[in-house]
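**Q** next input, structure requested:
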Amino acid sequence: MMEEGPEDGPVNSSPKSKKLSRRKDSERDSKEMKPLIDTPEIPYPKSVFFIIVTEFCERFSYTGMRTILTLYLRNVLLRSYKNSEDLATMIYHAFVSLCYFTPLLGGIIADSFLGKYKTILYISFIYAIGNCVLSLAAVTPLHLPQLPMSLLGLALIGFGTGGIKPCVNAFGGDQFKLPEQTRQLHQFFFFFYFAINSGSLMSTFVTPIMRRDVSCFGHDTCYSLAFGAPAIFWILAIIIFMLGKRYYIIKNPEGNVAVQVGGCIWYAVVTKSGTGHKKGAHWLDRANDKYSPSFIEDVKVLFRILVLFIPLPIYWALYEQQGSTWTLQATRMKGYMTNFWTLKPDQMQACNSFLILFYIPLFERIIYPLLQKCNILTTSLQRMTLGCFMLSIAFVLAGVVELNLEPTYPVIPAHNETALQFINALPCPITVTMKDEESDNPTPRTYTYQPYADYTYPDLPASTYKISTRLWIMAGECPMSINQTYFTFKARGGKAYTTLISTDSAGGISLDFSENDLRKSREGNAKLKVMYSMTNPDSTLELNSMDSSENLKFDFKKGSGGSTATQEVEPRMYEILLHEPKHTNRLQAVLLDEGGNYILAIFPHSTGTVVDLDNSVAMKVFVLTKPNSIHMLYLLPQYFVLTLAELFFSITGFTFSYTQAPARLKAVIQSLWLLTIGLGSLLVIVITSLDPFDRPAVQFLSYSVLMVFGAVIFIILASRYKLNDTGYTRLEDDTEPAEFVMEPEDIRTLAIDLVS
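**A** Numbers count the residues shown, from 1 in each chain. A predicted model of the protein is given here:
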């Protein structure tokens, strides 16, 4: 009885059939080894231009959407959640995992059922629906359930982009006749590489501008437009792809080798013994009565390569945080460049795409040849090891930046504590005494405030306080007729308050209490609250930007004092105008910086204030939370190192794995490489859900240590790896024994396509 083995024809144990099989293999090998000759008479296939434009639009769509995703999750969908940053990180990485788990399914559908063209087309419609659902969910006037709709859109996009990922470049390769058009196929990979990076770079810059600089539906941002543009690009891509159908070479499904590999492994596991199986032989040899010996040997080689893949998820867990924790880190930094341009936190992700375009020719033409002459880092495994350590260093740099950012973070009181700030808006010193009414042994707290100064008690016990004030009256400077008053104040845990000390209409001391939100703006704005005393109830405070048309107004409530609601304002220099019924007070200009949280105190003018004596009121700005003082450009070193790590580990690693794999299992290596990226994001989800880090700096440094651990594992595994006969220790000799010999540049293009 004969059974068919994958790609090797029937399996028969007779000597005659084995001779015939060896003869056929020899003839096939001799054909494969013939020189590859270009035939200029064969025109360049028109179909590939449709494929390249489709890839450009797809990369614009996917990368643009993914660039702003973390901020959309944190700032919009999860805004009301206390741990919104952790939840946003987990959802982002769940989406990334889906994008890299589904290519295996897409490859099976294309190779076993529909073919590449129909698979790309049908899954593209699912992809487009996901883009539209995500964009519509961000349109607030539609009142759609934003969170479930957005998650549905992300699920459809994840399946769509993953499903077509293994098909597009392979479909492009199908358009060429080999070996006659070998050189033209190499050119196709170059243009394909350009489409990937240009689409990604463009969208990484453009979609954050749409998100932040455009206002829509009553919001200062416009996520619906930022998601809508990628949706339009992908719909355009589908149209372009369909227009090229009459030019395409469409091949029928020929079976998926990943399914065959899985079948071979499963058969070997469930079968106790096979034909000719000897004790002590490899366990895969149990499948030799159903699969050919050469196919089983190829699967053995595959397993040897997969052992090297064990630490890969750790690498990807760090690498993929460019779009999550590194973007969130950038939101806590300063982005001002000029009066006309502010760098957006999510735009920093473009550094990686730009640097990889710069690094590849630099290293291929200068650095690698120089290292080769010095006999340094000449093997793939050596370079991959260096890449692991460089990624660890990148996260050390991120941790160092984070340590320097910590002084600018808001100090939120604990659940059983409160923060209380006093602002003395009087022209003379005042002593404030506080006594805890709920304490068994209360110890009064006394502090003397100088004129127009403030002081904050950052960690008072949450309780009821009796507050007494006493003025130090100086001749001609304090017009108050009453110099001592008493107040009672209830301070709640986890809250922060500001008290403005000024005069009331009777000439006595007035204390106006206001609860504060110490958190920074999620959109990089400044936050401003106005506290006022003895102003006309019909007054309006106006802030006019000195370098744009930005204009804001704060209306005062009726009464002698109080506070306005906190507003987010664009970070810039403002001129302050107080419009009273019969007079406009032109006050001093103030700079409201990114991430700063401010109180603008307005109080009656007196001698000794540092404002224009022509005005009837004075003002002073007090800082609740320090503004972002470290610029985003300080993130560049970690991006430089991370991109070097990508060059040494990711691109080199895929090239090594691809060239080491047997010719017929290269598609399997591609799918398994993508699975390790998805597993890396799953690792981030697990670690984040455990919430082991109380500070972002500790988080970054811990990931750095984890990467060192992964590097040590890789060194041990690499030292035991036995090179496959079809592979080479030196990258300069990497080649592929098949009908088409892929150049290293082509394999790198494929690697970048998979990662991006």
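
**Q** okay, and for the stretch 151-300 of the chain, where does confidence drop off?
**A** 272-280 (pLDDT under 70).

**Q** strands of the stretch 401-550 of the chain, residue ranges please.
**A** Taking DSSP state E, counting those that start in this stretch, the strands of the stretch 401-550 of the chain run over residues 417-424, 430-436, 445-449, 454-461, 464-471, 484-490, 495-503, 509-516, 526-533, 540-545.

**Q** a markdown table for those strands, including mean pLDDT?
**A** Output for the strands of the stretch 401-550 of the chain, formatted as a markdown table (pLDDT from 0 to 100):
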| stretch | mean pLDDT |
| --- | --- |
| strand 417-424 | 92 |
| strand 430-436 | 89 |
| strand 445-449 | 87 |
| strand 454-461 | 89 |
| strand 464-471 | 87 |
| strand 484-490 | 84 |
| strand 495-503 | 89 |
| strand 509-516 | 87 |
| strand 526-533 | 89 |
| strand 540-545 | 85 |
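
**Q** out of the ones you listed, which gets nearest to F309?
**A** Closest approach to F309 among these (CB to CB): strand 526-533, 47.4 Å. Using the backbone N, CA and C atoms, a C-beta is placed for each residue, glycine as well.

**Q** ok so, going back, now mean neighbour count and distance to Y359 too, for the strands of the stretch 401-550 of the chain, in a markdown table please.
**A** Shown next, in a markdown table, are the strands of the stretch 401-550 of the chain (neighbours: other CB atoms under 10 Å; distance: least, CB to CB, whole Å):
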| stretch | mean neighbour count | distance to Y359 |
| --- | --- | --- |
| strand 417-424 | 22 | 48 |
| strand 430-436 | 19 | 60 |
| strand 445-449 | 15 | 57 |
| strand 454-461 | 16 | 47 |
| strand 464-471 | 18 | 61 |
| strand 484-490 | 14 | 60 |
| strand 495-503 | 22 | 47 |
| strand 509-516 | 19 | 47 |
| strand 526-533 | 24 | 37 |
| strand 540-545 | 18 | 41 |
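
**Q** and those strands: which comes nearest A663?
**A** Minimum separation from A663 across these (CB to CB) falls at strand 526-533, 60.3 Å.

**Q** pairing partners for that closest one, with directions?
**A** strand 561-563 (antiparallel), strand 567-569 (antiparallel), strand 597-604 (parallel) (DSSP bridges).

**Q** please state the offset of it from the chain centre?
**A** On the basis of CA atoms, centre = their mean, to the nearest Å, strand 526-533 sits 34 Å off its chain's mean C-alpha point.

**Q** tell me how far the nearest residue to N597 once chain neighbours are set aside lies from Y452.
**A** With CB to CB, 6 or more residues apart in numbering as the criterion, N597 has its nearest non-adjacent residue at 3.6 Å, and that residue is T625. Relative to Y452, T625 is positioned 20 Å away (CB to CB, to the nearest Å).

**Q** now do the SS call for M337.
**A** Secondary structure assignment for M337 (DSSP: H, G, I helix; E, B strand; the rest coil): strand.

**Q** how about it, what does it touch?
**A** L343 (CB atoms under 8 Å, 6 or more residues apart in numbering).

**Q** now V590, what are its backbone angles?
**A** The phi and psi torsions at V590 (degrees, to the nearest 10) take the values phi -130, psi 150.

**Q** which strands or helices does the lengthiest helix in the chain pack on?
**A** Longest among the helix segments of the chain by residue count, using DSSP state H, is helix 182-213. Judged by 3 or more CB pairs under 8 Å, 6 or more residues apart in numbering; DSSP states H and E, helix 182-213 is in contact with helix 47-72, helix 146-173, helix 223-243, helix 350-362, helix 744-755.

**Q** and the pLDDT for the residue nearest the centre of the chain?
**A** The centre of the chain sits closest to G323, judged by CA atoms, centre = their mean, with a distance of 0.8 Å. pLDDT, G323: 95.

**Q** hey, what's I509 bridged with?
**A** On the basis of DSSP bridges, I509 is bridged to T503.

**Q** start the count at 10, not 1, going forward
**A** Yep, numbering from 10; the last one is I518 now.

**Q** and it, how far is that from E447?
**A** Distance, I518 to E447, by CB to CB: 24 Å.

**Q** equivalent analysis for G332, please.
**A** 48 Å.

**Q** tell me which residues touch the closest residue to G116 other than its chain neighbours, please.
**A** In this structure, G116 finds its nearest non-sequential neighbour in P175, 4.4 Å apart by CB to CB, 6+ apart. Applying CB under 8 Å, 6+ apart, we find P175 in contact with 112-113, 115-116, 119, 676, 679-680, 683.

**Q** would you confirm that the residue nearest to the centre of the chain contacts G73?
**A** No. Under the criterion of CB atoms under 8 Å, G332 makes no contact with G73, lying 12.0 Å away.

**Q** which one, of the helices and strands packed on helix 191-222, ends up nearest to D298?
**A** helix 155-182 (31.3 Å).

**Q** that closest one vs helix 232-252, what angle?
**A** 30 degrees (axes from the mean of the first three to the mean of the last three CA atoms, to 10 degrees).

**Q** what's the angle between helix 155-182 and helix 191-222?
**A** Using the same axes, to 10 degrees: helix 155-182 against helix 191-222 is 160 degrees.

**Q** give me every residue that touches the residue nearest to R501 when sequence neighbours are not counted.
**A** Excluding its sequence neighbours, the residue lying closest to R501 (CB to CB, 6+ apart) is A471, at 5.8 Å. Listed by CB under 8 Å, 6+ apart, the contact set of A471 reads 425-427, 500-504.

**Q** what of N413?
**A** Residues I639 are the ones in contact with N413 under the rule CB under 8 Å, 6+ apart.

**Q** measure it to L642 for me?
**A** Distance, N413 to L642, using CB to CB: 13 Å.

**Q** how about L520?
**A** Distance from L520 to L642, by CB to CB: 44 Å.

**Q** please enumerate the strands of the stretch 560-709 of the chain.
**A** According to DSSP E, counting those that start in this stretch, the strands that the stretch 560-709 of the chain contains are 560-564, 570-572, 576-578, 581-588, 593-601, 606-613, 626-634.

**Q** out of these, flag the one nearest C225.
**A** Ranking the strands of the stretch 560-709 of the chain by distance to C225, with CB to CB as the measure, places strand 576-578 first at 16.3 Å.
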